[in-house]
Structures are given as structure tokens and as C-alpha cells.
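# from the sequence below, what's the structure:
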Amino acid sequence: MKQVASVPDRARRLLGRGRPVVAVASVTYVGLALSVLSAPMLATALGASGRGQLAAAFAVIQVLGFVAFLGLPRGVAVQDHREAAASRGAVTLIGVIGLLSASACFLAADQLAGGDPWVAGAIRLSSVVLALAGLYQIGVERLLLTSQLATYNLSRICNVVLPSLGYIVAFLAGALTLELAFAITLTGQLLASIVGVVSSIGVLRRSAGKRPPWRFSLSMWSSTVVDGVAWRMDQVLLAMLATSATLGVYAVASTIASASGGLTQALNAVLYGRFAATADDGHAGGAGDGTAGDGTGGRGGTSAMRRSRAVALLSSVLASAAMITAMALWHEALLGPTFDGLMTPLIVLCIAQALNDQWQLQVYRQSADQASVGLTAPSWIGLAAFALVAAVVAALDRLDADTMALAVLAGAVVRIALRLLVTARHRRAAVPNATVG
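All right, here's what the predicted structure looks like:
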């Protein structure tokens with residue numbers, strides 16, 4: 001007779017499965033809280049000019065670290081996880097790209113700094129982070145794939161907690177200067193890089209004469225560049241075409257909406273490792289070759305993916321509801337009377353954030369299966385839909401925080417809708433094959 005788990009056993013099992021999610025989300029929210037505390041301290045100590053110089057010292061490094069490696073770090077990490085060895089050529093290329101990118105930043109520092117000698121010197125110093133960025137990304141991907149979340153959290157603490165904590169301590173000690181703020185930021189990024197590089201050593205040792213995972217890497221890179229960089233054009237467009245007050249309201253709404261996704265993003269990170277643990281089953285189901293399917297690994301995988309989506313959506317709804325309720329009750333007390341127009345863009349952007357987190361869950365699912373099909377086109381078409389709506393409302397002279405939020409939501413809806421159409425098409429195509437024999 002099949003035993004039924006008792007309620008306490010189920011509760012303990014649920015608690016055990018939820019503990020990693022809480023741990024990852026905690027780092028996100030602690031970092032956010034410290035950032036909120038340290039931001040006015042930085043503004044007071046450095047002034048607007050110094051704050052801008054500090055941002056400029058790392059802006060190019062962060063963008064190049066995201067786009068320069070052509071998606072290879074994730075491709076190499078997934079290949080190593082699935083095949084117990086990665087392409088030695090791809091690993092070498094990642095190292096070379098890091099060195100070339102760092103050298104280019106070092107040599108072009110004067111031009112990148114816009115003639116500011118302090119920023120130029122800071123870019124030269126911070127370029128060392130770019131030299132390590134590729135190996136760092138391999139290590140972080142490997143940590144997620146193998147569910148080594150304690151070490152993953154350590155790398156995130158170095159990046160998102162320690163710098164803000166350092167600013168606060170230095171400010172309270174009366175010692176916060178531009179130079180010290182730069183040193184604190186650089187130290188946090190270097191420590192995170194070291195954690196990632198150390199975590200990538202196993203991949204480097206197992207590298208062999210395999211083919212580089214170009215198809216998967218380039219497709220994934222094309223999608224994630226659009227998702228991670230181009231979608232930030234909303235605030236750029238508002239800065240160009242709207243008032244600073246409108247941009248201020250929108251920026252706060254965007255920040256709060258992003259924070260509402262912290263819990264779901266933590267859940268996605270945990271599920272990434274669980275997807276990877278069952279990737280062989282997904283491969284057997286016909287979706288792991290990157291040429292067909294949606295990365296769900298057959299009927300059982302589809303059912304598990306639906307459950308994951310439902311749980312992720314529920315966490316988005318709960319976190320968004322908490323954020324929206326808190327802002328509805330206390331936004332004037334927290335932000336002052338100039339943010340009266342906050343609630344509409346906040347609600348719309350929270351919905352868009354929930355859809356974006358659903359998309360990221362799909363990206364993780366397919367990454368674990370090394371199946372990139374159906375990601376690039378929805379990303380680009382979704383971006384085009386966002387740009388089209390933004391252009392129309394701008395032409396009608398109706399561009400404000402509300403309409404920009406609607407443009408972002410339109411892009412997110414189009415991207416998810418296209419992805420669902422691709423999935424449905426592949427499933428219909430797979431039905432005859434499943435009934436053969």
C-alpha cells in the first residue's frame with residue numbers, strides 16, 4: 001500500500017525546498033536595502049559630479065562584460081555539465097576575449113572618459129575586472145547548474161552587499177571620498193570575480209578537444225543582449241523626450257517593480273540547477289538537441305515546467321501585491337508629495353516584471369537543455385513592439401511615465417505570446433513523430 005506523507009513531513013519537505021530560494025532572495029533584498037541607505041550618503045559625500053564620475057568608471061566595464069563574450073560562458077558551462085568536459089578552444093577564446101577587452105578599455109580610457117582624467121585613470125584600473133569576467137561568468141553559471149547556492153550567494157554578496165556596506169561605514173566615519181568609494185566598489189567586484197574564477201577551475205581542468213557550442217551560445221547571446229541591455233532604453237528615451245520629473249517618477253517605479261521580482265528571480269536561479277539535474281531526461285524527451293522542442297523534455301518535463309511556471313507566477317503576484325500595497329499606503333511618507341503619479345506606472349511595470357521573470361525561467365529551462373530554439377526571434381520582436389508603442393505615443397506627444405510603462409508591458413506581452421506560439425507549433429509537429437511505430 002502506498003504510504004501518504006504526513007502533514008508535518010510535507011511541511012518539512014516544502015521548507016527544505018524553499019530554504020535555498022529564501023537564501024538567494026535575502027541577498028537580493030539586503031543588497032537593495034543597503035543600496036537605498038547608501039545612495040543618499042554617496043550623493044551627499046560625492047556630490048552630483050562625483051557620483052557621475054563613479055558611475056562612469058564602471059559603466060563601460062559592465063556593458064562589455066555582458067556583451068563581449070558572445071554567450072560562450074553559459075554555453076561552455078552547460079556543455080561541461082552535460083558532457084563532463086567543455087571545449088578547450090571555447091575556454092581559450094573566452095580568456096583571450098577578456099584580455100583583449102581589458103586591453104581595449106585600458107588603451108581607450110581617455111576617449112571613454114570624455115576627457116575626464118580621473119575617470120580615465122579609474123577605467124584603466126577597473127579594466128582588470130573585464131580580464132576576469134569571462135571566467136567569472138563560467139564559474140557563476142557552473143555554480144547555478146550544480147546548485148552550489150552558498151558559493152553563488154558569496155559572489156553576489158561581494159557584488160551587491162559589501163560595496164554598499166562599505167559606503168555606509170566610510171560615510172559614518174567621515175571618510176567617504178570619491179577615491180575611497182571607487183576602491184570599495186572595485187574591491188567588491190574583484191572579490192566576486194575571484195569567487196567566480198575559482199569556481200570555474202573544474203571546467204578549465206576538464207576542457208578537451210570538443211567543438212565549441214557556437215549555435216547555442218550565439219542564439220542565447222543574441223536573446224540575452226536584447227533582454228539585458230536594449231530594454232533599458234525606456235529610461236534613455238524618457239531622459240531625451242520627457243521632463244526630469246517624469247523620469248524621476250518612472251525610475252522609482254521601475255526600481256520598485258524590479259525589486260518585486262527578487263523572490264521570483266531567486267526561485268528561477270534555484271530551478272536552473274534542478275532543471276540541469278534532469279537535463280538528461282529532457283534530452284531523452286527530444287528537446288535537448290537545440291533543434292526542436294521547447295526544452296521541457298517530453299510530457300513529464302512539460303508538466304514539471306507548468307508547475308514551475310505556476311509557482312513562479314504566484315511568487316511574482318505575492319511580491320508585487322506587497323510592493324504595490326506598501327507604496328499605496330506609504331509612498332507619500334517615504335518619497336514625498338512629488339511622486340503622486342507613481343501608482344499607475346508601478347502597477348503596469350510590476351505586471352511586465354512578472355512576465356519578464358516568466359521569460360527568464362524559460363531561458364533557464366532551455367539553457368539547461370542546451371536548446372536555444374525559439375528565444376531570439378521573440379526577444380527581438382518584443383523589443384520592436386516596445387519601440388513601436390513608444391514611438392507612437394511620443395509622436396502623439398503623450399509620452400510620460402504611464403505610457404512608457406505600457407510600452408514596456410506591450411513588449412513583454414509580445415515576447416511571451418510569440419514564445420507560446422513557437423512552443424505550440426513544436427508540440428504539434430512532435431505529435432506525429434510520437435505516434436510512429
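
# spatially nearest residue to the residue nearest in space to the middle of the chain, not counting backbone neighbours?
Centroid-nearest residue in the chain, with Cα atoms, centre = their mean: Gly228, separated by 6.8 Å. Computed as Cβ to Cβ, 6 or more residues apart in numbering, the closest residue to Gly228 that is not its neighbour in sequence is Phe66, at 5.9 Å. All C-beta atoms are positioned from the backbone trio N, CA, C, and that covers glycine.

# I figured that neighbour was touching Asp227, is that so?
No. Taking contacts as Cβ atoms under 8 Å, Phe66 lies outside contact range of Asp227: 10.5 Å.

# looking at these two, which is more packed in?
The neighbour comparison of Phe66 against Asp227 (other Cβ atoms under 10 Å) goes to Asp227, with 19 against 15.

# name the residues that touch the helix or strand where the more buried one lies?
Per DSSP states H and E, Asp227 falls inside helix 214-228. By Cβ atoms under 8 Å, 6 or more residues apart in numbering, the residues outside helix 214-228 that reach it are 66-67, 69-72, 74-76, 78, 90, 290, 356, 359-360, 363, 367, 370-373, 375-376, 378-380, 382-383.

# picking up where we left off before, pLDDT value on the residue nearest to Gly228, please?
pLDDT recorded at Phe66 is 83.

# ok, it to Ala410 distance?
24 Å (Cβ to Cβ, to the nearest Å).

# any low-confidence regions in the chain?
Applying pLDDT under 70 to the chain picks out residues 1-17, 229-231, 279-301, 427, 429-437.

# the longest helix in it is where?
helix 7-67 (DSSP state H).

# which elements pack onto the helix or strand following it?
Next along the chain after helix 7-67, taking DSSP H and E as the criterion, comes helix 72-83. Helix 72-83 sits against helix 88-107, helix 117-145, helix 201-206, helix 214-228, helix 279-284, helix 343-368, with contacts defined as 3 or more Cβ pairs under 8 Å, 6 or more residues apart in numbering; DSSP states H and E.

# buried ones in helix 72-83?
72-82 (16 or more other Cβ atoms under 10 Å).

# now swap in stretch 62-72 and tell me
Buried residues in stretch 62-72, counting neighbours by 16+ other Cβ under 10 Å, are found at 62, 64-65, 68-72.

# out of the residues you listed, which comes closest to Ser127?
Ser127 lies nearest to Leu64 out of the buried residues of stretch 62-72, by Cβ to Cβ, at 9.3 Å.

# next, count neighbours for the residue lying closest to the closest one once chain neighbours are set aside.
With Cβ to Cβ, 6+ apart as the criterion, Leu64 has its nearest non-adjacent residue at 5.2 Å, and that residue is Ser101. Applying other Cβ under 10 Å, we find 22 residues neighbouring Ser101.

# coming back round to it: dump the helices and strands packed on helix 72-83 to JSON lines, plus distance to Thr403.
Formatted as JSON lines, these follow (distance: least, Cβ to Cβ, whole Å):
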{"stretch": "helix 88-107", "distance to Thr403": "37"}
{"stretch": "helix 117-145", "distance to Thr403": "35"}
{"stretch": "helix 201-206", "distance to Thr403": "46"}
{"stretch": "helix 214-228", "distance to Thr403": "22"}
{"stretch": "helix 279-284", "distance to Thr403": "41"}
{"stretch": "helix 343-368", "distance to Thr403": "9"}
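
# Leu144 versus the closest residue to Glu83 other than its chain neighbours, what's the distance?
Closest residue to Glu83 apart from its sequence neighbours, by Cβ to Cβ, 6+ apart: Lys210 at 7.0 Å. Per Cβ to Cβ, Lys210 is found 21 Å from Leu144.

# when the two are compared, which one has more neighbours?
Applying other Cβ under 10 Å to Lys210 and Leu144 shows that Leu144 carries more neighbours, namely 26 against 16.

# thinking again about what came up before, distance to Ala310 added to the buried residues of helix 72-83, as JSON lines?
Below are the buried residues of helix 72-83 laid out as JSON lines (distance: Cβ to Cβ, whole Å):
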{"residue": "Leu72", "distance to Ala310": "33"}
{"residue": "Pro73", "distance to Ala310": "30"}
{"residue": "Arg74", "distance to Ala310": "26"}
{"residue": "Gly75", "distance to Ala310": "29"}
{"residue": "Val76", "distance to Ala310": "32"}
{"residue": "Ala77", "distance to Ala310": "28"}
{"residue": "Val78", "distance to Ala310": "25"}
{"residue": "Gln79", "distance to Ala310": "30"}
{"residue": "Asp80", "distance to Ala310": "31"}
{"residue": "His81", "distance to Ala310": "26"}
{"residue": "Arg82", "distance to Ala310": "27"}
